[in-house]
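Student: Generate a structure from the sequence data that follows.
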Amino acid sequence: MNKDIEANRKFDRILREWDPFKEGGDFYDTEVADAIQAVHQLDDKEALTQRIKEIYEFSFEKPLSVESCQKVAEQLLQIKNEDSCEL
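Tutor: Predicted coordinates:
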């Protein structure tokens, strides 16, 4: 399987399991797509944390803690870095 597709599936699973507003994992299609795009564009944990926070807060007009967003950003970057290190 293409490594990018596999990584995107992992990103998708993590973001849906996160479910920050307790709406159910299938409720976040747009936000998940935007967050996955951000993972591909950003390598900095703080920048990705802020971008994820902005994406979800904009859509739901509810605040999210930086800590919650940072945990998911760390998980996403770990997968990104693991996949980029494979031969």
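Student: what about Phe21, which SS state?
Tutor: Secondary structure of Phe21, reduced to three states by DSSP: H, G, I helix; E, B strand; the rest coil: coil.
Student: burial measure for it, as a count.
Tutor: A count of nearby residues for Phe21, using other Cβ atoms under 10 Å, gives 14. All C-beta atoms are positioned from the backbone trio N, CA, C, and that covers glycine.
Student: and Met1, what pLDDT?
Tutor: Model confidence at Met1, given as pLDDT, is 56.
Student: Sorry, wrong one. I was asking about Tyr56.
Tutor: The per-residue pLDDT reported for Tyr56 equals 98.
Student: From what I see, it and Pro20 are in contact.
Tutor: Yes: A contact is recorded between Tyr56 and Pro20 when judged using Cβ atoms under 8 Å, the distance being 5.9 Å.
Student: if I look at these two, which residues touch both of them?
Tutor: Here Tyr56 and Pro20 have Leu64, Cys69 as joint contacts, going by Cβ atoms under 8 Å, 6 or more residues apart in numbering.
Student: For these two, indicate the residue with more neighbours.
Tutor: Neighbours per residue, other Cβ under 10 Å: of Tyr56 and Pro20, the larger number sits with Tyr56, 24 against 19.
Student: check contacts around the most centrally placed residue in the chain.
Tutor: Computing the C-alpha centroid of the chain and ranking residues by Cα atoms, centre = their mean puts Ala35 first, at 4.6 Å. Listed by Cβ under 8 Å, 6+ apart, the contact partners of Ala35 are Phe11, Leu15, Arg51, Ile52, Ile55, Tyr56, Leu76.
Student: go with 10 Å
Tutor: Contact partners of Ala35, counting by Cβ atoms under 10 Å, 6 or more residues apart in numbering, are 11-12, 14-15, 18, 28, 48, 51-52, 55-56, 69, 72-73, 76.
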